[in-house]
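Student: got a sequence here, can you build the structure:
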Amino acid sequence: MLGDKIKVMWGKGTDSSSSRNRPVRVTDGHVSVIGHITMKELVKKLSDIDMASGFGNRFLWLYSERKQLLPRGAPLRLKNFEIEMAWLRECLQWSSEADWSVPISMTSEAWDLWESEGLYAHLGRPRPGVLDELTARAEPQVRRIAIIFALLEKETVVSRQHLEAAHAFWDYCERTAAAIWGCAPEHETDTKILAALRLMPDGMSKTELTRKVFSGHISGDDLSKSLAGLLRACLIKQKKIKKHGRSAVVFCLA
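Tutor: Residues are numbered from 1 along each chain as shown. From the prediction side, this is the model:
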(Lines give C-alpha, C1' and ligand atoms only; values in the text may rest on other atoms or scores of the structure.)
Protein backbone atom coordinates (compact mmCIF):
# COMPACT_ATOMS: atom_id res chain seq x y z
CA MET A 1 0.00 0.00 0.00
CA LEU A 2 2.69 2.50 1.01
CA GLY A 3 4.82 1.45 -1.94
CA ASP A 4 1.95 2.18 -4.34
CA LYS A 5 1.46 5.61 -2.77
CA ILE A 6 5.16 6.42 -3.14
CA LYS A 7 5.12 5.44 -6.82
CA VAL A 8 2.06 7.60 -7.51
CA MET A 9 3.45 10.63 -5.66
CA TRP A 10 6.82 10.29 -7.39
CA GLY A 11 5.18 10.47 -10.79
CA LYS A 12 2.17 12.76 -10.33
CA GLY A 13 2.35 14.48 -6.95
CA THR A 14 -1.41 14.07 -6.67
CA ASP A 15 -3.24 11.30 -4.80
CA SER A 16 -6.20 10.65 -2.52
CA SER A 17 -7.01 8.25 0.30
CA SER A 18 -9.66 5.56 0.03
CA SER A 19 -11.03 6.19 3.52
CA ARG A 20 -14.79 6.79 3.53
CA ASN A 21 -14.86 8.52 6.89
CA ARG A 22 -11.91 10.88 6.43
CA PRO A 23 -11.08 11.21 2.73
CA VAL A 24 -7.91 13.18 2.01
CA ARG A 25 -6.64 14.48 -1.31
CA VAL A 26 -3.13 15.79 -1.98
CA THR A 27 -2.47 18.01 -4.99
CA ASP A 28 1.01 18.97 -6.23
CA GLY A 29 2.52 17.36 -3.14
CA HIS A 30 6.25 17.07 -2.42
CA VAL A 31 7.28 13.91 -0.58
CA SER A 32 10.78 13.09 0.65
CA VAL A 33 11.82 9.71 2.04
CA ILE A 34 15.16 9.47 3.83
CA GLY A 35 16.27 6.24 5.48
CA HIS A 36 19.28 4.27 6.66
CA ILE A 37 19.73 0.54 6.26
CA THR A 38 22.57 -1.97 6.07
CA MET A 39 23.43 -3.55 2.74
CA LYS A 40 22.56 -7.05 3.98
CA GLU A 41 19.16 -5.99 5.29
CA LEU A 42 18.36 -4.06 2.13
CA VAL A 43 19.13 -7.04 -0.12
CA LYS A 44 16.96 -9.22 2.12
CA LYS A 45 14.02 -6.80 2.45
CA LEU A 46 13.74 -5.37 -1.08
CA SER A 47 11.92 -8.10 -2.99
CA ASP A 48 12.15 -9.01 -6.67
CA ILE A 49 8.65 -7.54 -7.08
CA ASP A 50 9.79 -4.23 -5.55
CA MET A 51 12.63 -4.08 -8.06
CA ALA A 52 10.58 -5.13 -11.08
CA SER A 53 7.59 -2.89 -10.23
CA GLY A 54 9.60 0.31 -10.25
CA PHE A 55 9.52 0.88 -6.49
CA GLY A 56 13.28 0.48 -6.15
CA ASN A 57 14.23 2.84 -8.97
CA ARG A 58 12.37 5.73 -7.39
CA PHE A 59 15.07 5.92 -4.71
CA LEU A 60 18.64 7.20 -4.88
CA TRP A 61 20.93 4.61 -3.25
CA LEU A 62 23.96 6.10 -1.49
CA TYR A 63 26.67 4.03 0.19
CA SER A 64 28.22 5.54 3.32
CA GLU A 65 30.43 4.33 6.12
CA ARG A 66 31.45 5.46 9.58
CA LYS A 67 34.54 7.66 9.59
CA GLN A 68 35.00 8.18 13.33
CA LEU A 69 34.72 6.22 16.57
CA LEU A 70 32.80 8.34 19.10
CA PRO A 71 32.12 6.23 22.22
CA ARG A 72 30.36 9.17 23.90
CA GLY A 73 28.60 10.36 20.79
CA ALA A 74 28.65 13.86 19.37
CA PRO A 75 25.99 16.44 20.32
CA LEU A 76 24.06 17.93 17.42
CA ARG A 77 24.08 21.70 17.77
CA LEU A 78 22.05 23.88 15.42
CA LYS A 79 24.67 26.62 15.59
CA ASN A 80 27.01 24.33 13.67
CA PHE A 81 24.63 24.59 10.71
CA GLU A 82 23.89 28.31 10.80
CA ILE A 83 25.43 28.96 7.37
CA GLU A 84 23.49 26.13 5.72
CA MET A 85 20.24 27.11 7.45
CA ALA A 86 20.61 30.76 6.40
CA TRP A 87 21.29 29.64 2.84
CA LEU A 88 18.19 27.45 2.74
CA ARG A 89 16.02 30.22 4.24
CA GLU A 90 17.30 32.58 1.57
CA CYS A 91 16.49 30.04 -1.18
CA LEU A 92 13.00 29.48 0.22
CA GLN A 93 12.34 33.21 0.36
CA TRP A 94 13.54 33.59 -3.23
CA SER A 95 11.40 30.67 -4.43
CA SER A 96 8.28 32.17 -2.86
CA GLU A 97 8.83 35.38 -4.86
CA ALA A 98 10.06 33.90 -8.15
CA ASP A 99 7.91 33.79 -11.29
CA TRP A 100 6.87 30.16 -11.88
CA SER A 101 4.46 30.88 -14.72
CA VAL A 102 7.07 29.42 -17.12
CA PRO A 103 8.21 25.80 -16.53
CA ILE A 104 11.84 25.25 -15.54
CA SER A 105 13.93 24.54 -18.63
CA MET A 106 17.62 24.28 -19.53
CA THR A 107 20.16 26.49 -21.25
CA SER A 108 21.22 25.70 -24.82
CA GLU A 109 24.55 24.37 -23.49
CA ALA A 110 22.72 22.03 -21.14
CA TRP A 111 20.46 20.80 -23.96
CA ASP A 112 23.58 20.14 -26.06
CA LEU A 113 24.98 17.94 -23.29
CA TRP A 114 21.61 16.20 -22.84
CA GLU A 115 20.90 15.56 -26.53
CA SER A 116 23.73 15.93 -29.06
CA GLU A 117 26.50 14.94 -26.65
CA GLY A 118 24.61 11.81 -25.68
CA LEU A 119 23.96 12.11 -21.94
CA TYR A 120 20.29 11.16 -22.37
CA ALA A 121 21.19 8.09 -24.45
CA HIS A 122 23.94 7.15 -21.99
CA LEU A 123 21.56 7.24 -19.03
CA GLY A 124 18.99 5.15 -20.89
CA ARG A 125 21.37 2.40 -21.99
CA PRO A 126 20.71 -1.21 -20.90
CA ARG A 127 22.44 -2.41 -17.73
CA PRO A 128 23.24 -5.96 -16.65
CA GLY A 129 20.87 -7.93 -14.43
CA VAL A 130 18.68 -6.25 -11.84
CA LEU A 131 20.71 -3.05 -12.19
CA ASP A 132 18.67 -2.37 -15.33
CA GLU A 133 15.47 -2.35 -13.25
CA LEU A 134 16.99 -0.28 -10.44
CA THR A 135 18.21 2.44 -12.82
CA ALA A 136 15.24 2.51 -15.20
CA ARG A 137 14.42 6.08 -14.16
CA ALA A 138 17.95 7.43 -14.56
CA GLU A 139 16.91 10.15 -17.01
CA PRO A 140 14.19 11.79 -14.87
CA GLN A 141 16.26 11.30 -11.73
CA VAL A 142 19.16 13.28 -13.22
CA ARG A 143 16.83 16.01 -14.49
CA ARG A 144 15.28 16.34 -11.03
CA ILE A 145 18.65 16.48 -9.28
CA ALA A 146 19.80 19.16 -11.76
CA ILE A 147 16.70 21.23 -10.95
CA ILE A 148 17.49 21.00 -7.23
CA PHE A 149 21.04 22.24 -7.89
CA ALA A 150 19.66 25.13 -9.97
CA LEU A 151 17.16 26.13 -7.27
CA LEU A 152 19.88 26.06 -4.61
CA GLU A 153 21.65 28.71 -6.70
CA LYS A 154 18.39 30.65 -7.11
CA GLU A 155 18.21 29.95 -10.82
CA THR A 156 15.05 29.15 -12.76
CA VAL A 157 17.00 27.63 -15.68
CA VAL A 158 19.20 24.54 -15.45
CA SER A 159 22.73 25.18 -16.71
CA ARG A 160 25.27 22.75 -18.10
CA GLN A 161 27.11 22.84 -14.77
CA HIS A 162 23.94 21.85 -12.91
CA LEU A 163 23.42 18.93 -15.29
CA GLU A 164 27.03 17.79 -15.01
CA ALA A 165 26.83 17.92 -11.21
CA ALA A 166 23.58 15.94 -11.28
CA HIS A 167 25.17 13.31 -13.51
CA ALA A 168 28.13 12.99 -11.14
CA PHE A 169 25.76 12.55 -8.19
CA TRP A 170 23.74 9.94 -10.08
CA ASP A 171 26.91 8.12 -11.09
CA TYR A 172 27.71 7.50 -7.43
CA CYS A 173 24.14 6.30 -6.82
CA GLU A 174 24.43 3.86 -9.72
CA ARG A 175 27.78 2.57 -8.49
CA THR A 176 26.21 2.02 -5.08
CA ALA A 177 23.33 0.03 -6.58
CA ALA A 178 25.78 -2.05 -8.63
CA ALA A 179 27.78 -2.86 -5.50
CA ILE A 180 24.74 -3.73 -3.37
CA TRP A 181 23.19 -6.13 -5.84
CA GLY A 182 26.44 -7.55 -7.19
CA CYS A 183 26.10 -6.16 -10.70
CA ALA A 184 28.88 -5.48 -13.16
CA PRO A 185 30.65 -2.11 -12.88
CA GLU A 186 29.82 0.62 -15.36
CA HIS A 187 33.22 1.86 -16.45
CA GLU A 188 35.66 -0.01 -18.65
CA THR A 189 38.58 0.88 -16.38
CA ASP A 190 36.78 -0.64 -13.38
CA THR A 191 35.97 -3.77 -15.40
CA LYS A 192 39.63 -4.28 -16.37
CA ILE A 193 40.79 -3.81 -12.79
CA LEU A 194 38.30 -6.35 -11.42
CA ALA A 195 39.12 -8.85 -14.17
CA ALA A 196 42.83 -8.61 -13.38
CA LEU A 197 42.30 -8.95 -9.62
CA ARG A 198 40.24 -12.10 -10.14
CA LEU A 199 43.35 -13.68 -11.64
CA MET A 200 45.61 -12.34 -8.89
CA PRO A 201 44.09 -13.36 -5.53
CA ASP A 202 47.14 -12.02 -3.67
CA GLY A 203 46.46 -8.57 -5.07
CA MET A 204 48.21 -6.05 -7.31
CA SER A 205 49.84 -2.73 -6.58
CA LYS A 206 49.07 0.47 -8.49
CA THR A 207 52.34 0.10 -10.36
CA GLU A 208 51.48 -3.46 -11.40
CA LEU A 209 48.02 -2.41 -12.51
CA THR A 210 49.45 0.44 -14.55
CA ARG A 211 52.06 -1.70 -16.30
CA LYS A 212 50.43 -5.12 -16.61
CA VAL A 213 46.75 -4.24 -17.05
CA PHE A 214 46.89 -0.91 -18.88
CA SER A 215 50.37 -1.17 -20.43
CA GLY A 216 51.15 2.29 -19.09
CA HIS A 217 48.23 3.88 -20.97
CA ILE A 218 46.44 5.32 -17.94
CA SER A 219 47.21 8.36 -15.82
CA GLY A 220 47.82 8.05 -12.11
CA ASP A 221 44.82 10.28 -11.39
CA ASP A 222 42.44 8.14 -13.49
CA LEU A 223 43.66 4.93 -11.88
CA SER A 224 43.35 6.41 -8.39
CA LYS A 225 39.82 7.61 -9.15
CA SER A 226 38.70 4.15 -10.32
CA LEU A 227 40.32 2.43 -7.34
CA ALA A 228 38.67 4.89 -4.93
CA GLY A 229 35.27 4.23 -6.51
CA LEU A 230 35.72 0.45 -6.30
CA LEU A 231 36.79 0.78 -2.65
CA ARG A 232 33.71 2.89 -1.80
CA ALA A 233 31.51 0.36 -3.55
CA CYS A 234 33.09 -2.44 -1.47
CA LEU A 235 34.11 -4.33 -4.63
CA ILE A 236 37.80 -4.31 -3.72
CA LYS A 237 39.92 -3.80 -0.61
CA GLN A 238 43.49 -2.72 0.03
CA LYS A 239 46.08 -4.19 2.34
CA LYS A 240 49.72 -3.77 3.23
CA ILE A 241 52.16 -6.57 2.51
CA LYS A 242 55.89 -7.17 2.55
CA LYS A 243 57.29 -7.34 -0.97
CA HIS A 244 61.00 -7.69 -1.71
CA GLY A 245 61.72 -6.66 1.86
CA ARG A 246 59.63 -3.50 1.64
CA SER A 247 56.09 -2.56 2.62
CA ALA A 248 53.69 -2.23 -0.28
CA VAL A 249 49.99 -1.52 -0.70
CA VAL A 250 48.10 -3.93 -2.94
CA PHE A 251 44.48 -4.15 -4.02
CA CYS A 252 42.47 -7.35 -4.13
CA LEU A 253 38.85 -8.39 -4.49
CA ALA A 254 36.67 -7.76 -1.43
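
Student: C-alpha from now on. contacts and neighbour counts both.
Tutor: OK.

Student: helix, strand or coil for the residue nearest the centre of the chain?
Tutor: Computing the C-alpha centroid of the chain and ranking residues by C-alpha atoms, centre = their mean puts Cys173 first, at 1.7 Å. Under the three-state scheme (DSSP: H, G, I helix; E, B strand; the rest coil), Cys173 adopts helix.

Student: distance of it from Leu76?
Tutor: Separation of Cys173 from Leu76 (C-alpha to C-alpha, to the nearest Å): 27 Å.

Student: stretch 205-225: how far from the chain's middle?
Tutor: On the basis of C-alpha atoms, centre = their mean, to the nearest Å, stretch 205-225 sits 25 Å off its chain's mean C-alpha point.

Student: so His36 sits in a strand?
Tutor: No: counting by three-state DSSP, His36 falls outside a strand, being coil.

Student: and it, what's its pLDDT?
Tutor: pLDDT recorded at His36 is 93.

Student: over to Arg25?
Tutor: 85.

Student: ok, and the closest non-adjacent residue to it?
Tutor: On the basis of C-alpha to C-alpha, 6 or more residues apart in numbering, the spatially nearest residue to Arg25 that is not a chain neighbour turns out to be Ser16, at 4.0 Å.

Student: can you map out the helices along the stretch 151-254 of the chain?
Tutor: 160-180, 188-199, 206-208, 220-232 (DSSP state H, counting those that start in this stretch).

Student: before we move on, back to that, what sits against the residue nearest to Arg25?
Tutor: Contact partners of Ser16, counting by C-alpha atoms under 8 Å, 6 or more residues apart in numbering, are 23-26.

Student: can you put the helices of the stretch 151-254 of the chain in JSON lines and add distance to Cys91?
Tutor: Shown next, in JSON lines, are those (distance: least, C-alpha to C-alpha, whole Å):
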{"stretch": "helix 160-180", "distance to Cys91": "16"}
{"stretch": "helix 188-199", "distance to Cys91": "39"}
{"stretch": "helix 206-208", "distance to Cys91": "45"}
{"stretch": "helix 220-232", "distance to Cys91": "32"}
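
Student: out of these, deepest packed?
Tutor: The highest mean neighbour count among these, using mean count of other C-alpha atoms under 10 Å, belongs to helix 160-180: a mean of 20.

Student: what number of residues lie near Pro201?
Tutor: 11 (other C-alpha atoms under 10 Å).

Student: that one and Ala254 touch, don't they?
Tutor: No: using C-alpha atoms under 8 Å, Pro201 makes no contact with Ala254, being 10.2 Å away.

Student: Ser224: which of the contacts of Ser16 is nearest?
Tutor: Of all the contacts of Ser16, Ser224 sits closest to Val26, with 47.8 Å by C-alpha to C-alpha.

Student: phi first, then psi, for the closest one.
Tutor: Backbone torsions of Val26, given as degrees, to the nearest 10, read phi -110, psi 130.

Student: contacting residues for it?
Tutor: Contact partners of Val26, counting by C-alpha under 8 Å, 6+ apart, are 13-16.

Student: tell me the pLDDT at the residue nearest to the centre of the chain?
Tutor: 94.

Student: same deal with the one 10 residues further on?
Tutor: Per-residue confidence for Cys183 comes out at a pLDDT of 59.

Student: check the one 10 residues further on too.
Tutor: Confidence per residue is given as pLDDT, and for Ile193 that number is 89.

Student: would you mind measuring from it to Leu209?
Tutor: Taken as C-alpha to C-alpha, the span from Ile193 to Leu209 is 7 Å.
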